[in-house]
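Participant: sequence unavailable; structure follows:
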């Protein structure tokens, strides 16, 4: 038996096999670390949505109280990085985590689009103020601008709550959430 084990081919095989196990263990550890990083990114988006909401509320106060408007753009959510992490660890996520993350990413991207449109409206309103301040189209744009900001305000609150549920390990709460279309209280979180 010793003669069989004292062979260069067997030694090479054992060395290669040990290297394979080391690479496999390192890869598995890296993928679990990516899962943790994904959770941290969702937590960052939760904080980002709170800060975005504060900026939206500030813009609403400016237009409603002072009649002033700002067309400063809002920073977008970093959804591409989260999608990339999720694809790399797809087999480590259960169905609730996958679907909950997809729902969160959809909400974040939809809010980003809503805020982009609101910023474009603000720019148009500023142009009206310069070129024709008494234009009736300006009042329509202001009303739509306020509606977009109010919708973004509500939805950013939902995203913050739902991201918190994901971070706490309760992604099923995202899937159970029903958006109140009539302004009633939200459920699911």
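Facilitator: Cool, the structure landed. If you're wondering where the values come from, they're calculated on a predicted model, not measured in any experiment.

Participant: burial of residue 104, as a residue count?
Facilitator: Residue 104: 24 surrounding residues under other C-beta atoms under 10 Å. Using the backbone N, CA and C atoms, a C-beta is placed for each residue, glycine as well.

Participant: what about it, helix or strand, and which?
Facilitator: According to DSSP states H and E, residue 104 maps onto helix 95-131.

Participant: list the buried residues for that helix?
Facilitator: 96-97, 100-101, 103-105, 107-108, 111-112, 114-115, 118-119, 121-122, 124-125, 128 (16 or more other C-beta atoms under 10 Å).

Participant: so which elements touch it?
Facilitator: helix 8-61, helix 79-88, helix 136-167, helix 172-176 (3 or more C-beta pairs under 8 Å, 6 or more residues apart in numbering; DSSP states H and E).

Participant: report the rounded mean pLDDT for it.
Facilitator: Mean per-residue pLDDT for helix 95-131: 92.

Participant: how far off centre is that helix?
Facilitator: On the basis of C-alpha atoms, centre = their mean, to the nearest Å, helix 95-131 sits 12 Å off its chain's mean C-alpha point.

Participant: next one: stretch 132-143
Facilitator: That offset, for stretch 132-143, works out to 34 Å (C-alpha atoms, centre = their mean).

Participant: tell me which residues in it are buried?
Facilitator: In stretch 132-143, counting by 16+ other C-beta under 10 Å, buried: 138, 141-142.

Participant: likewise stretch 71-80?
Facilitator: By neighbour count on 16+ other C-beta under 10 Å, the buried set for stretch 71-80 is 71, 74, 76-77, 79.
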